[in-house]
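A.B. asks: Need a 3D model of the following:
(one chain, ligands or ions: 1)
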Amino acid sequence: SPPGPRGLPLLGSALELPSKFVFRKFDEWSKLYDGWFMLSAVGQKFLVITRTDIAVDILDKMSLQTADRPALPMAIYMLRHMAFSLDNYGDRWRRCRRLAHENFNVRALEQYRGVYELATAKLLRQLSNIDPLKIPDELMQFSGALTYEAMYGPGSGGANVKQNIHKVWEMLEVLGDAMSPATFIINLFPVLGILPESISPWKQFGTRYFNEHDKLLKEMAQPGLTGQSDSGFVASCMRMRDRTEGISDAEIAWTSFALYGAGVETTPYSLHWFIMAMVLFPEAYQRAQDEVRAVAGDSPPTFEHRIKMPYVMAVMKEVLRWRPVLPAALPHMASEDFEYKGYRVQKGTYIFYNQWNMCRDPAVYPDYDVFRPERFLADPPAPDPPVFGFGRRICPGRNFARDLLFLAISNLLWAYHFEKATDADGKTITPSPEDIDGNILLHPKPFQFVMTPQREIPK
Ligand code: HEM
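C.D. replies: I've put the predicted structure just below:
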């Protein structure tokens, strides 16, 4: 069999797999194996990839066999295969993925630029006079409101926007909890699925959850679905509906949720890491700020400036590389048996790939712990960090995320000065990038720093 850690016969390596920050355990194991290894836990086989070239071989070149997603039983009861990010590879996934692709590619994204610019201007205003420990909440609200408008069209939720964002937030939280093997026994023993709903509390819970949220998501999508709103992702999907066979209103509504749910936390976490990098690496900060000042002058940066800000673009790439917010990405699953390097990998095997290791490959990113945007401007430049996944499941929000991050980063640099704080005794407080939180997503714990407005922020 392929290389990998040995465990007890029945539990395999289950006892060694932490439920939090699994990327660290994979990192430890990566030192023992050459780029990939297999392990098993409670009868389930896992293949773990820790090198980019092997991820390209298995997930890109063999994407037909490796683009399935393991779906936990609870996810199936609660989502009924409607949220494509967590769904198996199949016709519905393909239809929803196409909606996401066609309305979220580089050209289609131009339609959301007005939304980003207004949201970014609001963020700058909100941040003046804020306690740095409250920054994570503020960044999350920025992303929540902006993603909502991008999905449903500016102003489309009327007075209900805040309430809807809150409901979707709860929806995501309940889903996250229910997917944990510890919450519902069905996740550990899928065979119990043969029992009828009348005596299966998990099925009853799933049905209630689905029905309630199916209604909510359709209500949120209503303005775009009925033509009341002609901007945003939903309205844009309606325009391509004639060209896409079999697409339903429900699929459009749930696809907007899948995008919202997968994307809403990633950008704020990356922005929080960006602030930490600016505080810890003042040279990079200074160079980025000089570039923004020279190019944008007295008015806030816009998308037109992007091409003239190579250093800021490199800062953005380095933020994504230095602390990838999805360090162990999302697992794929083999939909067929396949062979790799002489070993057979069976259908149903979960395939993890640890982007954390790939972003810290010393041959590609020397001194990987140092925040050094210059690596992306060298000749030849370092490759873009592999943080958005591989193959047919590659993140469909990656261009949206890059647009948003560029605008937010350049505007923050334009408006604010960041530096280390001092404590009551006058000692400098140095935040630590090891002080992390999250579970699947990786973000810093709130940290102290000083943020001073450098100019009058436009009203
Ligand atoms: C810093 C920002 C982001 C990072 C690092 C990131 C990273 C990723 C990664 C690693 C995956 C897994 C890909 C795979 O399965 O191989 C993924 C999937 C996904 N991402 Fe992102 N993402 C980001 C932002 C966004 C945004 C803003 C959106 C939407 C607005 C989004 C929507 C999605 C969706 C829907 C999937 C599931 C795709 C599928 O299963 O077919 N992401 N992302």
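
A.B. asks: quick one, what contacts the nearest residue to Gln126 once chain neighbours are set aside?
C.D. replies: Nearest non-adjacent residue to Gln126, counting by Cβ to Cβ, 6 or more residues apart in numbering: Glu138, 5.6 Å away. Glycine gets a C-beta too; all of them are placed from N, C-alpha and C. With contact set as Cβ atoms under 8 Å, 6 or more residues apart in numbering, Glu138 has these partners: Leu123, Gln126, Leu127, Ile130.

A.B. asks: Same check on Phe84?
C.D. replies: So Phe84 contacts Arg92, Trp93, Cys96, Arg97, Ala100, Trp254, Thr255, Ala258 (Cβ under 8 Å, 6+ apart).

A.B. asks: Of these, which fall within the contact range of the ligand?
C.D. replies: Arg97, Ala258 (Cβ under 6 Å from any ligand atom).

A.B. asks: for the nearest residue to Pro383 once chain neighbours are set aside, what are its contacts?
C.D. replies: Among residues not flanking Pro383 along the chain, Val364 sits closest, at 6.6 Å (Cβ to Cβ, 6+ apart). By Cβ under 8 Å, 6+ apart, the contact set of Val364 is Thr52, Ala382, Pro383.

A.B. asks: Mind checking what secondary structure Val364 has?
C.D. replies: Look at Val364: counting by DSSP: H, G, I helix; E, B strand; the rest coil, its state is coil.

A.B. asks: what's the answer for Pro458, then?
C.D. replies: coil.

A.B. asks: Wait, a strand at Asp437?
C.D. replies: Yes. Assessed by three-state DSSP, Asp437 belongs to a strand.

A.B. asks: re earlier: among the contacts of Phe84, who's most crowded?
C.D. replies: Tallying neighbours with other Cβ atoms under 10 Å puts Thr255 at the head of the contacts of Phe84, with 30 neighbours.

A.B. asks: and Gly176, what pLDDT?
C.D. replies: Looking at Gly176, its pLDDT is 85.

A.B. asks: Packing partners of the helix or strand hosting it?
C.D. replies: According to DSSP states H and E, Gly176 maps onto helix 161-178. Packing partners of helix 161-178 (3 or more Cβ pairs under 8 Å, 6 or more residues apart in numbering; DSSP states H and E): helix 73-79, helix 135-152, helix 201-225, helix 249-263.

A.B. asks: what about 7 Å?
C.D. replies: helix 73-79, helix 135-152, helix 201-225 (3 or more Cβ pairs under 7 Å, 6 or more residues apart in numbering; DSSP states H and E).

A.B. asks: starting at the chain centroid, how far to the next helix or strand after it?
C.D. replies: Next along the chain after helix 161-178, taking DSSP H and E as the criterion, comes helix 185-188. Relative to the chain's own centre, helix 185-188 is displaced by 26 Å; criterion: Cα atoms, centre = their mean, to the nearest Å.

A.B. asks: try stretch 194-205
C.D. replies: In terms of Cα atoms, centre = their mean, the centre of stretch 194-205 is found 32 Å from the chain centre.

A.B. asks: Which pLDDT value belongs to the closest residue to the ligand within the stretch 1-150 of the chain?
C.D. replies: Here the stretch 1-150 of the chain gets closest to the ligand at one residue, Ser85, 3.5 Å apart by Cβ to the nearest ligand atom. With respect to pLDDT, Ser85 scores 95.

A.B. asks: Over to Gly391?
C.D. replies: Looking at Gly391, its pLDDT stands at 97.

A.B. asks: Counting neighbours, what do you get for the nearest residue to it once chain neighbours are set aside?
C.D. replies: Spatial nearest neighbour of Gly391, excluding adjacent residues (Cβ to Cβ, 6+ apart): Ser63 at 3.6 Å. When neighbours are defined as other Cβ under 10 Å, Ser63 has 16 of them.
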